[in-house]
Structure formats: structure tokens, C-alpha cells
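Colleague: Provided below for reference: sequence and predicted model.
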Amino acid sequence: MEKETHQNIESIIEAGKMNELRKLLIGLSHEELERLQKLLNDPHEFSNEISSLLPYAIRKMVERGEISVDSLLPFVEESMHKSIQKNPQKLADILFPVMGPAIRKAVSEDLKRMIASINASLESGFSFRSLKWRLQAFTSRRSYAEIVMANSYLYHISNVFLIHKDSGILLHEASAPESKALEADLIASMLTAIRDFVQDSFSNAEKGTLDEIQFGSLKILIEQGPYAVLAVVAEGQPPADYRVTLMETIEAIHFNLGLELEKFDGDTEYFKLADKFLQQCLIKQKKEKKQKAPYQLIFLLLLLIAGVGYFVLINYENKANFKRFITELEATPGYHISSSRMSFNKIYLKGLVDPLAEPVEEIMKRFQKIEPGTLQASFEGYLSTEPEILQRRAGLLLSPPEGVEMKIENNRLIISGTAAADWEQNLELKIAAIAGITGFDISGLNKKITDLQWIIPSIERHRFLFDINVVKLDSLQQIQFDSLVQAAVFLDAYNQLYSRNMAIYVRSYTNRNGNVAANERVATARAEGFITLLENAGVKKALLKSQVLFAEDLRETVSLRTVHFSVFDNKPISR
Amino acid sequence: MIKKKIAMLGAFAVGKTSLVQQYVHSIFSDKYQTTIGVKIDQKQITVADQDITLMLWDLYGDDDFMKMKPTYLIGASGYILVADGTRSETIEVALQLQEMAAATTNNAPFLLIINKSDLSETWEIAPETILRMQQKGWIVLLTSAKKNLMVEEAFQKLASLMLNPY
Ligand SMILES: Nc1nc2c(ncn2[C@@H]2O[C@H](COP(=O)(O)OP(=O)(O)OP(=O)(O)O)[C@@H](O)[C@H]2O)c(=O)[nH]1
Ligand SMILES: [Mg+2]
């Protein structure tokens, strides 16, 4: 039995050896061999391999009472330390996804709550901007107040926590007036738990201390002191030197409350004294001021450019307008511009103007850009000889009736058309009185024969005074005579036109002094002589009749040697 | 205002989280959701006319005590060791954890809670075991997070121990 057993054992051993050998010869791959080799040569790798077995082995030993936990602890602690040092990320990867969100939730929910409390004050104001933020809040599912905070401030420190370093107990807290942290104690503990976790995971480096945690736009800045930690909740990016503020604050707190911190046993009463230090960490920077300034500047600049541009344009336009106005003025009949200039939107003019020229105000009306008040003109009157003005002047002085045309050619007045004969009376004299007209031509003017109204007076108004026994016209009388002849020709034309038999008494006067018969003879001869003159001038004989009148028979006094005329209806034409 | 940090230690699934939830929020769930890392709650109580805020650090449980890092225990003014009355090995874990905790907390006051006292059929802890620990000077309490038995008393007891260690 014993032998059998022995044999059995031996065969097992044998088999084991063979097995081993076989494994060595054929079973073991090259890589496995290399791994074993490396394991034996590299103590680091070797310890690694063993460390995975060690916990089990130690556990067994402890169970059997072979070693005590006390003796093991330093070693365990060190090996844990090493293991974490070696690959802290692995642990972090496992824990952080769970811890991170939990802490984030606690912090952000708390912030949400405190922000909600200021909602009321913020929501009272309404503007386009607030509407935009409301939309943002609606679309991003963040609370309106959060959006307001994020948008209003470049950065904004809402809470400052002074935390006991070891226990994570909140010693004191300060919050911005518009915010209120309800669960600051929890946040402080959670932050400490995170820090512990990070420190456990990255214990190798001193700089492995956690000094910043970011959740979206929220940021928690942590400043470590020997006994206490300062943690601030920031929205946005605080200025770079804010770290220095935090450092100075935690230093000041340690300086002032060092003993209390060292001996801290849960009583937070003393740390109310730290309030003034925490308050100075509550800073914020309004966004608008910083951001709006350049916009305002740009806007002002644009306004300035636009203003200058407008001024330049207006000035240019004014100048161009002014030039056109002057050109127009110079081209206008009756104006003679001697000097013109424009300054500060005012126009100064000097020159001569004909009274009949178009008023300067009327010309200005055609230039809308020139205000009526902008003109300072000093004009002197003069008589223009420009055709338009001459024509206007002739028109004013002669007031031609309808049907009469007047034009100026080389300063001569050309009149044509048909006019009543009375308008034509003394026309030549009137024309001679028009300044600037050097001659005239009225050959194109036809007389209108209408009735006797104008013919009779134009005959009867003539008076001729002669010397005794002489019937002879001097040069002056000749003009009168021509006019009379013309009137007589009209009377003849009238007779023919209306089948009348109007005639002219050529009257000569005498008195009954002395030889009445002789007197009468002389007077008759004078009348007859005058008729001969008229006949010679082309007046029909049938139109003329001599008549002698005695002064004593007349009511008015007449000069005895004069010849007068009187139109009378001779007789009806018999058919 | 007095504030104290208290840590909950013990093997996994012994009921650490359940005890804290019952104590702080008066809720209990049969569903087991293991704690990863640490879960922190707070509770305000009055002990001997003294207002105290307890910061309760509910740590993850692990039978492999080597993985248990002492960092979370630093600064704790007291701690509660929790064991599961239906699993005797959790007492062992509690014992081991106590040694580490004592060192880390500089011998802070603590109690041992043997939880799930409502499960009498599957109870595994012999009275002698409890007696042995009490003889070491430990305070041992039987609790039920589910039935809310002795839960508040346990925390109250620890709080008074912390305020008055002697
Ligand atoms: N019957 C009974 N069940 C309990 C009691 N306390 C806890 N449980 C149950 O035990 C399980 C574990 O409870 P937890 O509170 O999550 O245990 P834990 O110690 O926090 O576990 P870890 O976080 O994983 O370490 C859950 O299913 C609980 O419902 C109790 O007093 N009585
Ligand atoms: Mg738990």
C-alpha cells in the first residue's frame, strides 16, 4: 500500500516532470519564455507580478495568524501608495465619472437655487436684451438668472468658502449679495472629498494638489494653506492676478487665525473673523463696460466720418450750386455781376441790375439749395441795352395792344401787327423816349379802322398859325401837317368802308373890324391855301371844304391867323 | 456652531448608505446601489443643549481592506464601523478597518453597529462575539436601517462621545 502510494507519487512526479519537460520543449511559446526571462531579470516587473498574488497570500497569512495587520500596515500602505503612483489614472477613471457628476450636481443645483432667489429682482426689468437671454434660457434649458449672470459679467465670484483642510468642514463662507449658498457645508465637504480623491490618485507629486475644477462655465478655484483651504465659485474667467488675491487671503487667515485652525475641533465660531478676508475675494467685472466701449468708439468714429463726409459733400454741393447760381445770374438779362464770393454758406454779390430785370429772389427760387436768407447783395441800378430788357422796357412804356408785335434788332424797335390808330398817335415820340432804342421800324404796323371816335379828334386837334397873308408850313408845322394828312386819309378810308360822306371844314378866322369883306377875303384865301396844301399832299378835294368864321360869333377867343379843322357829315350818299 | 465630520466604515453592502439615508432623510430602499467613492450628507442635531452639524461621509465598502485608503478618514471626529449581522465575516472587516481608522483619526471615538437586526432567521453573530468586543471597551449597537431601529440613537451616541470623549 505504502509502496503503491510511493510509486503513485513517483509516477505523478515523473509525469509532472515529463509534463514540465514537454512544456519546456514544445508547450512553452517563445513569447512566454521571454516574458519569464524578463520577469526574473527585471525586479520591477517581478514585483508587479507578485503584487497581484500578494493580497491573497497576505490574507491567508492573516487568517492563519501568521502576521498581524499592525505589522503589515506600513507595508500595505506603502505598496498601495506605489500602486496608485504607478497607475493613478486607472482609479481615477473608475471613480471620477461617478464622483464628478455627483459633485457637479450638488454644486450646480445649489447654485441654481441661489440664483433662483435673485431671479425676482432681475426679472422685473424687461428689455430686448433680456428677451434674448430668455430665449437663450429657453433653448439651452439653463435658468434665466444663470444666463443673466453669464452674460452680464466677464467674471463673477459668487461664493467663497473657507474650508478646514483635514475634515472638509466649512469654517466660514461669504457669498455675493445677490446669491445665497444654502448647502455650503455640503459643497465644502464634497470639494474636500474630490481633493482627497485626487491626492490619493496622484500622490507622487506635490503639485498634484487640486487647484481648479471646471464644470462648464462654472469654475471652482482652490487655494491650499497648511490648515485651511480657500475655495471660490467663479463664473467666467477671473483676472490672472486673482490667484494672488486668493493666496494673500489664505495667508492672512493663517496669520490671524493660525492657532484656531491648528486646534480646530469643530467650533467654527472664531472663523467669523475671517469674513473681511473672504469678502475681498468676492469680485466681479461687468461685461458691458468693457465690451461696449469699443463699439461706442467705433460708432462715434463712424458718426464723425459721416459728419465730415456730409460736411465736405454739402460744402462741395454748395460751391457747385453757388457757381451755377452766379452763372445763371450773369446770363440773366439786366444783370452785371462785378464780384461774387461765398463763405460760410453766405453769398456776397456786387454789381449792377436793371430795374426791369427778373428779381434776384425769383432766380434764387430756382436753386432749392440756396436759402433765401443766405444772399447779401449790393446792387446798383443801371439801364441795360440787352435786347430782352429793351423789349421789356418798350413794352412797359408803349403798352402795345393785342395784335402788336415788338422785337429788338440791333437796338432798333421793330413793331408789326395791327393796332387801333389812337395807340399809334405820337408813337414815334414815345419810341424816341425809350432809353437804349436807337431807331425804329413801324412799317409793318397796320392801323385798325373802326369808328370816327379817334379819327375826328386826330383831325380836329390840329391848329396852324400863319403870318399875315402867308400860307406856308415851317419844319415843325410840317410834322403836324403829315399827321393831319394821315388822319384825313383815314377819314376817306372810313367813308369808303362805311359808305359815308364825312368831310373836313378847313376853318379860317377873321373879325368885323374895318373892311369886313376884305377881311373875309383874306381869311378865305388862307383856308383855300391850306386846302391846296392838303390836296397837294394827296387828300381828296371832295373831302375838304373851306369855312370862314368871325371871331365875334364865337364864344371862345381864337387867334385870327389860325386854321382849325372840324369834321362834319356832308351828306348821305345817294345811290 | 459646532461641526463634526463622521465617517461610515464597513464591508460592502452592510447598510452604511441605508443607515445614513434613514437617519438623514428617513427613507429606506431594498434596492442595493453600491457606493463609489464617498457620499456626503449632513444632519443637524442637539446634544446636551449644543447644536451640532454632522457631516456624514458615507464611504464605499470593500472587503479587501487594502484598497481602503485612509485619506477620506482624515479629519473625522468620529466614525461608525458597520457590520452586517447576517454575514459574520463583516465583523472581521470591521475589526481590520478599526485599526486603520484609529491610526488615521488619532483614536477618535467610534461605535460598532451590527446592522440588519430585523433579519433574525439568518443572523450569524453569536452573542459571545459581541461580548468580546464590548470587553475591549467598544460600544456595540444592533440596528435596523430598514425598520429604523436604534439608528438615531447610534448617531446620537457617537455625537455625545465626540463632544465628551471621557
Ligand atoms: N433587511 C435589511 N436590509 C438592509 C438593512 N440595511 C441595508 N439593507 C440592505 O442591504 C443592501 C446594501 O445596503 P447599502 O446601504 O447600500 O450598503 P452599503 O454598506 O452602503 O454598501 P456599499 O456602499 O456597497 O459599501 C441593500 O439592499 C439594502 O436594502 C437592514 O437594516 N435590514
Ligand atoms: Mg453605500
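Modeller: Received, thanks. Residues are numbered from 1 along each chain as shown, chains lettered A, B, ... in the order given. Ligands and ions are numbered 1, 2, ... in the order given.
Colleague: spatially central residue in chain B, please.
Modeller: B:Ile80 (2.7 Å; CA atoms, centre = their mean).
Colleague: what pLDDT does it get?
Modeller: The score at B:Ile80 is 97. That number is its pLDDT.
Colleague: quick check, it in a strand?
Modeller: Yes: counting by DSSP: H, G, I helix; E, B strand; the rest coil, B:Ile80 is part of a strand.
Colleague: residues touching it, list them.
Modeller: Applying CB atoms under 8 Å, 6 or more residues apart in numbering or on different chains to B:Ile80 gives the contacts B:6-9, B:16, B:19, B:110-113, B:154-155, B:158. Heads up, the C-betas are built off the backbone N, CA and C, glycines and all.
Colleague: can you tell me which of those residues are buried?
Modeller: Neighbour counting with 16 or more other CB atoms under 10 Å in any protein chain shown marks B:6-9, B:16, B:19, B:110-113, B:154-155, B:158 as buried within those.
Colleague: contacting ligand 1 as well, which ones from these?
Modeller: With the criterion set as CB under 6 Å from any ligand atom, the members of the buried ones among the contacts of B:Ile80 near ligand 1 are B:Lys16.
Colleague: restricted to strands, list the buried ones among the contacts of B:Ile80.
Modeller: Members of those lying in strands (criterion: DSSP state E): B:Ile6, B:Ala7, B:Met8, B:Leu9, B:Phe110, B:Leu111, B:Leu112, B:Ile113.
Colleague: for A:Gly168, see how far away the second one is.
Modeller: The gap separating B:Ala7 from A:Gly168 is 11 Å, by CB to CB, to the nearest Å.
Colleague: tell me if I'm right that B:Ile27 and B:Gln21 touch.
Modeller: Yes: the pair B:Ile27 / B:Gln21 is scored as a contact, 5.3 Å apart, by CB atoms under 8 Å.
Colleague: okay, those two: which has more neighbours?
Modeller: Using other CB atoms under 10 Å in any protein chain shown as the criterion, B:Ile27 and B:Gln21 rank with B:Gln21 on top: 19 against 9.
Colleague: hang on, isn't the more buried one packed against B:Phe28?
Modeller: Yes: judged on CB under 8 Å, B:Gln21 makes contact with B:Phe28 at a distance of 6.7 Å.
Colleague: mind listing the shared neighbours of those two?
Modeller: Common neighbours of B:Gln21 and B:Phe28 (CB under 8 Å, 6+ apart) are B:Ala145.
Colleague: in the sheet, who's paired with the nearest residue to A:Lys272 once chain neighbours are set aside?
Modeller: Nearest residue to A:Lys272, sequence neighbours excluded (CB to CB, 6 or more residues apart in numbering or on different chains): A:His172, at 6.2 Å. Beta-bridge partners for A:His172, by DSSP bridges, are A:Leu162.
Colleague: wait, what's in contact with A:His172?
Modeller: A:Phe161, A:Leu162, A:Thr268, A:Phe271, A:Lys272, A:Ala274, A:Asp275, A:Leu278.
Colleague: name the residues of chain B found near ligand 2, please.
Modeller: Applying CB under 5 Å from the ion, we find that chain B lies next to ligand 2 at B:Lys16, B:Thr17, B:Thr35.
Colleague: part of a strand, is A:Ser340?
Modeller: Yes: looking at A:Ser340 with three-state DSSP, it is inside a strand.
Colleague: that older thread, closest to ligand 1 out of the contacts of B:Ile80?
Modeller: Among the contacts of B:Ile80, B:Lys16 lies closest to ligand 1 (CB to the nearest ligand atom), at 3.5 Å.
Colleague: buried subset of the contacts of A:His172 as a PyMOL selection?
Modeller: Selection of the buried residues among the contacts of A:His172 in PyMOL, burial being defined by 16+ other CB under 10 Å:
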select buried, chain A and resi 161+162+268+271+274+278
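Colleague: from the contacts of A:His172, which ones fall inside helices?
Modeller: Using DSSP state H, A:Asp275, A:Leu278 are the members of the contacts of A:His172 that sit in helices.
Colleague: domain parsing for chain A?
Modeller: A:1-51, A:57-86, A:96-285, A:296-381, A:387-443, A:455-569 (automatic domain parsing).
Colleague: about what we covered before: how much space between the residue nearest to the centre of chain B and chain A?
Modeller: Counting by CB to the nearest CB, to the nearest Å, the separation of B:Ile80 from chain A is 16 Å.
Colleague: flag every residue of chain B that's near ligand 1.
Modeller: So chain B meets ligand 1 at B:10, B:12-18, B:29-30, B:32-35, B:60-61, B:115-116, B:118-119, B:144-146 (CB under 6 Å from any ligand atom).
Colleague: can you tell me which of those residues are in strands?
Modeller: Using DSSP E, B:Gly10, B:Asn115 are the members of the residues of chain B next to ligand 1 that sit in strands.
Colleague: just the buried ones from the residues of chain B next to ligand 1?
Modeller: The buried subset of the residues of chain B next to ligand 1 (16+ other CB under 10 Å) comprises B:10, B:12-18, B:35, B:60-61, B:115-116, B:144-146.
Colleague: and ligand 2, which of the contacts of A:His172 contact it?
Modeller: Of the contacts of A:His172, not one also sits near ligand 2 (CB under 5 Å from the ion).
Colleague: now the contacts of A:His172 in JSON lines, please, with extra columns for pLDDT.
Modeller: Below are the contacts of A:His172 laid out as JSON lines (pLDDT from 0 to 100):
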{"residue": "A:Phe161", "pLDDT": "93"}
{"residue": "A:Leu162", "pLDDT": "95"}
{"residue": "A:Thr268", "pLDDT": "93"}
{"residue": "A:Phe271", "pLDDT": "94"}
{"residue": "A:Lys272", "pLDDT": "93"}
{"residue": "A:Ala274", "pLDDT": "94"}
{"residue": "A:Asp275", "pLDDT": "94"}
{"residue": "A:Leu278", "pLDDT": "94"}
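Colleague: of all the contacts of A:His172, which comes closest to A:Lys38?
Modeller: A:Phe161 (50.5 Å; CB to CB).
Colleague: neighbours of the closest residue to A:Glu251 other than its chain neighbours, just the number please.
Modeller: Leaving out its chain neighbours, the residue that sits closest to A:Glu251 by CB to CB, 6+ apart is A:Gly225, at 7.2 Å. For A:Gly225, the neighbour count with other CB under 10 Å is 19.
Colleague: for ligand 1, see how far away A:Gly225 is.
Modeller: Computed with CB to the nearest ligand atom, to the nearest Å, the distance linking A:Gly225 and ligand 1 is 32 Å.
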